[in-house]
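S.K.: no sequence for this one, just the structure:
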């Protein structure tokens with residue numbers, strides 16, 4: 001949608017809202033629809049090709065308004081997470097469909113999804129241990145629980161353990177910055193020998209620093225065997241799995257208990273929209289369900305009613321599935337795949353430019369839209385280069401440490417980015433590097 005169409009549609013939207021408010025007294029306060037009303041009214045998977053804004057918008061009155069607020073809000077979310085789950089080819093156990101045990105929910109961020117998974121896993125293990133050893137108190141069990149994540153995992157994983165009041169340990173990653181099965185097994189064996197109870201592992205697909213991938217096919221069976229909840233955090237990388245050629249990066253998800261990625265990162269959905277799936281929704285509901293009278297409604301036990309308040313931290317929630325529905329229909333699966341592929345093509349274009357300049361080195365395999373690179377030389381030199389790049393305010397780079405190296409990260413992320421922008425960025429970096437090296441050599445010779 002270009003700026004002109006955006007203006008036009010925005011004005012139409014204001015008119016729609018104003019008309020709604022003017023005639024609100026003619027609408028009834030409580031919907032007539034029965035639970036489960038929405039699923040038969042929408043397709044069972046996302047369209048391959050884009051639809052027009054008119055067609056999507058017409059469906060608001062037809063599909064959403066009859067169940068405005070409560071049923072529509074929940075039911076569209078359940079269906080949209082089935083759509084999205086099918087787009088990344090998730091195993092059937094993660095889908096809600098008509099009678100599945102799994103299903104998806106939209107969280108605010110990946111941090112929230114990790115925390116929810118950890119808390120559900122914690123409740124589950126405490127109940128299991130208490131059934132075997134009723135003499136132990138909850139506090140005694142909590143003191144022996146341990147969660148695990150890669151030394152490359154996002155800081156929010158450590159934070160989840162902090163909030164969940166359980167120990168967390170880093171599992172060392174290998175020379176490709178991935179966690180493999182043997183590394184996890186070593187830590188588990190040590191901890192079990194010390195009388196601790198391993199209960200949760202967060203695997204990362206697409207680490208923040210360099211977009212490395214933990215080895216799910218080794219880690220999954222190990223977690224299953226050891227009765228450890230495996231959560232997969234694919235916050236950034238997950239969007240790429242809608243492309244068949246990148247789906248292999250998710251192989252091993254069949255062993256996981258929960259999986260999460262952020263359509264708001266790389267699938268053109270505005271913040272916030274973090275998609276989380278679980279194999280057994282009863283695990284989440286079991287951890288968070290409370291039923292005061294003021295929250296008990298009619299169709300309570302029909303089985304058709306998903307009550308998302310038991311799947312999340314807050315009680316209330318926004319209608320976030322609406323924007324997902326609009327984006328999936330207006331781009332179509334093909335349009336979204338092309339968006340991802342274009343970014344990955346451009347990151348390889350940048351990688352190629354870096355490799356042609358012998359002053360620079362690439363520091364991690366370029367798999368998706370992130371290129372980790374640096375000047376051959378000291379960390380101080382690279383810190384100085386980063387400072388000159390960010391001070392110039394033409395492009396912005398965020399650094400990271402890979403082991404002992406200070407590394408620059410080039411991330412392709414704008415919806416409107418083109419090849420010309422990549423060339424411009426590289427020329428700019430290259431020129432600043434030339435300027436820096438002149439003064440650097442001069443200063444260092446004088447010393």
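M.R.: Alright, I've got the coordinates. None of these values were measured; they are calculated from a predicted model.

S.K.: per-residue confidence for residue 293?
M.R.: Here the pLDDT value assigned to residue 293 is 63.

S.K.: again with the one 5 residues further on
M.R.: With respect to pLDDT, residue 298 has a value of 49.

S.K.: likewise the one 10 residues further on?
M.R.: If you check residue 308, the pLDDT there is 88.

S.K.: Name all residues that make contact with it.
M.R.: 74, 77, 105, 317 (CB atoms under 8 Å, 6 or more residues apart in numbering). Any C-beta I mention is one placed from the backbone N, CA and C, and that applies to glycine too.

S.K.: Over to residue 121?
M.R.: 147, 199, 200, 229, 231, 257, 283.

S.K.: Using the three-state scheme, assign it.
M.R.: Three-state call for residue 121 (DSSP: H, G, I helix; E, B strand; the rest coil): helix.

S.K.: Count the neighbours of the nearest residue to it once chain neighbours are set aside for me.
M.R.: Excluding the flanking residues, the one nearest residue 121 by CB to CB, 6 or more residues apart in numbering is residue 229, at 3.5 Å. The local packing of residue 229 (other CB atoms under 10 Å) involves 23 other residues.

S.K.: can you check the one 10 residues further on too?
M.R.: Residue 239 sits with 31 neighbouring residues when counted by other CB under 10 Å.

S.K.: what does the model give the closest residue to it other than its chain neighbours for pLDDT?
M.R.: Nearest residue to residue 239, sequence neighbours excluded (CB to CB, 6+ apart): residue 266, at 3.7 Å. Residue 266 is assigned 96 on the pLDDT scale.

S.K.: Could I get the pLDDT score of the closest residue to residue 170 other than its chain neighbours?
M.R.: What sits nearest to residue 170 in space, not counting adjacent residues and going by CB to CB, 6+ apart, is residue 151, at 4.2 Å. pLDDT recorded at residue 151 is 94.

S.K.: now do residue 447
M.R.: 51.

S.K.: Could you pull out the strands in the stretch 101-250 of the chain for me?
M.R.: 103-107, 145-150, 167-171, 197-204, 229-233 (DSSP state E, counting those that start in this stretch).

S.K.: These into JSON lines, with extra columns for distance to residue 365?
M.R.: Shown next, in JSON lines, are the strands of the stretch 101-250 of the chain (distance: least, CB to CB, whole Å):
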{"stretch": "strand 103-107", "distance to residue 365": "29"}
{"stretch": "strand 145-150", "distance to residue 365": "16"}
{"stretch": "strand 167-171", "distance to residue 365": "20"}
{"stretch": "strand 197-204", "distance to residue 365": "15"}
{"stretch": "strand 229-233", "distance to residue 365": "19"}
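
S.K.: Identify the residues contacting the closest residue in space to residue 128 that isn't next to it in sequence.
M.R.: In space, and not counting its chain neighbours, residue 128 is closest to residue 227: 7.7 Å by CB to CB, 6+ apart. Residue 227 is in contact with 125, 128, 199, counting by CB under 8 Å, 6+ apart.

S.K.: Show the contacting residues for the last one.
M.R.: This points to residue 199. Per CB under 8 Å, 6+ apart, neighbours of residue 199: 121, 122, 125, 145, 146, 147, 166, 227, 228, 229.

S.K.: returning to that earlier point: with distance to residue 277 as added columns, please give the contacts of residue 308 in JSON lines.
M.R.: Below are the contacts of residue 308 laid out as JSON lines (distance: CB to CB, whole Å):
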{"residue": "74", "distance to residue 277": "16"}
{"residue": "77", "distance to residue 277": "12"}
{"residue": "105", "distance to residue 277": "8"}
{"residue": "317", "distance to residue 277": "17"}
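
S.K.: what about the spatially closest residue to residue 396 that is not a sequence neighbour, which SS state?
M.R.: Excluding the flanking residues, the one nearest residue 396 by CB to CB, 6+ apart is residue 390, at 6.0 Å. What three-state DSSP gives for residue 390 is helix.

S.K.: Good, we can wrap up now.
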